[in-house]
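Asker: Structure of the sequence below:
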Amino acid sequence: MSTKTSFKRIAAVAAVALTLGGFSAVSANAAPTADTLAVSSTAVTATSSVQSQVAVTQAFLAQASGDAGTVTAALISAPAGNIAVPSFETPTVSGYTDARATRASSAGASMTTTVSSGSYPAYVAATYNLDFTPVVAGTYIVKLIPTVNASATAYATAQTITYTVAAKPAISAAATTVYNNYAYNASISILGSYAAHSAATDAYSIACYDATALCAEIQVNQSNGSTTAALTAADASPITVTVSGPATVAVNGTSSGFVAGLATGLVAVETTAQVGTLGLTPYVDVWSNGTPGVATITISAGTTVLATKKVSFFHDAAKITPTVASPVLAIGANAAAITAVVSDASGFPVPNVHVYAVSDTAAAVSNSYTDCGLSSITGAVSCALTGVAAGTAKVTLTLNSSATGTSTVKTDALAVRTAGALASVKWSLDAATYTPGQLATLSVTLLDASGLSVAAGTYANVFTAAPTFSLAPATALTLASGSVTVAAGSSTGTTTYTFNAPISAGDLTIKATTGTGLATANQGAAVSLTASITGGAAVDAAQAAQDAANEATDAANAATDAANNAMDSADAATAAAQDAGDKADAALAAITDLATKVSDIATQVSALSALVSKIAAAVAKISAKVKA
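Answerer: Predicted structure coming up:
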């Protein structure tokens, strides 16, 4: 082989090597390019213990199979005491956006996520969530750091997210619900359900028999009222319970959390261990100290009073205090005809006790050891009575369910009467005379065939129509139709109606016709009431004017008499002057002066007469107006 040929072969080998080396170098240096990293928000306002999500979008151009973009979340700073770190979740926001194919991602619940390509060249894009649930209020900074193919230089810019975290709303009394569970006889189902209790039905106090066994439980459901940052078990506040009155308390749980044999006292504080076990739903157990009375249970979380409950402790029933609500019964059922309160010897209400009604005259009232039901938490009970026929009876309330009962607790005999059907009606006014516009009362009394009052109720067709008035009343009579309603509890059968009397003076007549609601013999009767309308402001004014005119006339007559007397004096003076004609000029001058005075008097009398005429004319006009 020649030297020239050897050089050619070496050159060819070198060229092939360079070519292979060039392909290898290109393959080894290929990496994702045009990579980008974006976040939906760089400033997040959050609440402690509530998850916040930021959407992260990662994209790049893959140049080789298996190219990948990686993002690492680094917690740069956090408040003291924080133990939370951010994490990525698999794509849940908008998914991958490769127009040609869906790409797999290794994103998961960790602080690093990777998006890989399956072929090349290809544009790869993915959007996924960065989750962060801080548990301490304060400011957090998280930095998202991009890389490509694990070690290659990324072109994307790192993103910084600042979280401003506020504390979760604290427990509030308004949002916290406190429910009762109770037992009337010191027996309680510790594991019982509280589903039937609600804020609406649980506003009453608790009543307990004052034994020393567990009396009641009070369930506390802690809440801050927030729908976006609700309290969790980790947020539970220890409760403090105080009691005043004849009771002791302890903090406990129910079901698996119940602990027997806890020490009780006037103050109970939930321990740290209890808070961890019971969380947001601790229970308050209540015991009696053996004395009847009312205890006040106050439940607080820190300085916040969550609820105050009253617990009434009672002994055995010792007294029934009745009230006859319906002394006159209708034939048939009469609900709550007698009401009563059951109490112990100390006067405290006794609930959950059966009371029975017994009539001594079954022909009038048929009750014979009729169960009135259980007394309520206030000791109240109401008894229905059944009227059979018109007549009287005496009813006794007792704790005995039959004649063979041994309880000595009962009431005195209570008089009641069963009324017959409506037979007649009486009516009357409260006065015979009214001034114009005065308030008047009309009473309507409904009677049975025995002339006794009927029972409470509405009775139709007592009158055929509303009564009529001869003078229009100032306000309408409230008996607008022929029906009459006797109020519950009435023992007289009387209903009153009011109206204002007419404003014009005169005789008032009120008429009506009895209706078909009465007994046949009493139907269709014309009935009426009469009264006089007198006085009033107009009449008083006219009388005052007449009195003034009379006084003026008297004054005029007096003035006329005075003038006549003066004329008589003048005549006498003239006669004296004539008889003394021969007397001195001085006497004549006196007579002349007297004549002048007499003339003046005559002028005054004339003026007075004119005044009297005017007064008489005024009196005539006033009298004419009064008559009109």
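
Asker: Leaving aside the residues adjacent along the chain, what's closest to D344?
Answerer: Distance criterion CB to CB, 6 or more residues apart in numbering; nearest residue to D344, sequence neighbours excluded, is H315 at 3.9 Å. The C-beta positions use only the backbone N, C-alpha and C, and glycine is treated the same way.

Asker: before we move on, what about F463?
Answerer: Using CB to CB, 6+ apart, the nearest residue to F463 is G482, at 3.9 Å.

Asker: Check what pLDDT that neighbour gets.
Answerer: Here, the pLDDT recorded for G482 equals 90.

Asker: Doesn't it lie inside a helix?
Answerer: No - using DSSP: H, G, I helix; E, B strand; the rest coil, the secondary structure at G482 is coil, not a helix.

Asker: I'd assumed V462 was in contact with it.
Answerer: Yes - contact criterion CB atoms under 8 Å: G482 and V462 qualify, at 5.6 Å.

Asker: Of these two, which one has the most company?
Answerer: More crowded of G482 and V462, by other CB atoms under 10 Å: V462, with 24 against 20.

Asker: picking up where we left off before, distance check, the residue nearest to F463 against A488.
Answerer: Distance, G482 to A488, by CB to CB, to the nearest Å: 21 Å.

Asker: Helix or strand: which one has the closest residue in space to A247 that isn't next to it in sequence?
Answerer: Among residues not flanking A247 along the chain, A295 sits closest, at 3.7 Å (CB to CB, 6+ apart). Applying DSSP states H and E as the criterion places A295 in strand 293-301.

Asker: follow-up on the earlier one: need the residues touching each of G482 and V462.
Answerer: G515, G517 (CB atoms under 8 Å, 6 or more residues apart in numbering).

Asker: Burial check on the closest residue to T177 other than its chain neighbours, number of neighbours?
Answerer: The shortest distance from T177 to any non-neighbouring residue, by CB to CB, 6+ apart, is to N221 (4.6 Å). When counting by other CB under 10 Å, one arrives at 15 neighbours for N221.

Asker: N221 contacts T176, doesn't it?
Answerer: Yes - with contact defined as CB under 8 Å, N221 counts as touching T176 (6.3 Å).

Asker: Low-confidence stretches in the stretch 401-550 of the chain?
Answerer: 536-549 (pLDDT under 70).

Asker: Strands of that one, residue ranges please.
Answerer: 414-418, 422-429, 433-434, 439-448, 457-459, 468-469, 484-486, 494-500, 506-513, 526-533 (DSSP state E, counting those that start in this stretch).

Asker: Turn those strands into a markdown table, including distance to S151.
Answerer: A markdown table is the format used below for the strands of the stretch 401-550 of the chain (distance: least, CB to CB, whole Å):
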| stretch | distance to S151 |
| --- | --- |
| strand 414-418 | 101 |
| strand 422-429 | 107 |
| strand 433-434 | 113 |
| strand 439-448 | 105 |
| strand 457-459 | 97 |
| strand 468-469 | 111 |
| strand 484-486 | 98 |
| strand 494-500 | 102 |
| strand 506-513 | 112 |
| strand 526-533 | 115 |
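
Asker: Please render these as JSON lines that adds mean neighbour count and distance to S48 to the earlier fields.
Answerer: Listed next are these as JSON lines, based on neighbours: other CB atoms under 10 Å; distance: least, CB to CB, whole Å:
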{"stretch": "strand 414-418", "mean neighbour count": "21", "distance to S48": "66"}
{"stretch": "strand 422-429", "mean neighbour count": "18", "distance to S48": "75"}
{"stretch": "strand 433-434", "mean neighbour count": "18", "distance to S48": "78"}
{"stretch": "strand 439-448", "mean neighbour count": "19", "distance to S48": "70"}
{"stretch": "strand 457-459", "mean neighbour count": "15", "distance to S48": "65"}
{"stretch": "strand 468-469", "mean neighbour count": "14", "distance to S48": "79"}
{"stretch": "strand 484-486", "mean neighbour count": "20", "distance to S48": "65"}
{"stretch": "strand 494-500", "mean neighbour count": "17", "distance to S48": "68"}
{"stretch": "strand 506-513", "mean neighbour count": "16", "distance to S48": "79"}
{"stretch": "strand 526-533", "mean neighbour count": "14", "distance to S48": "81"}
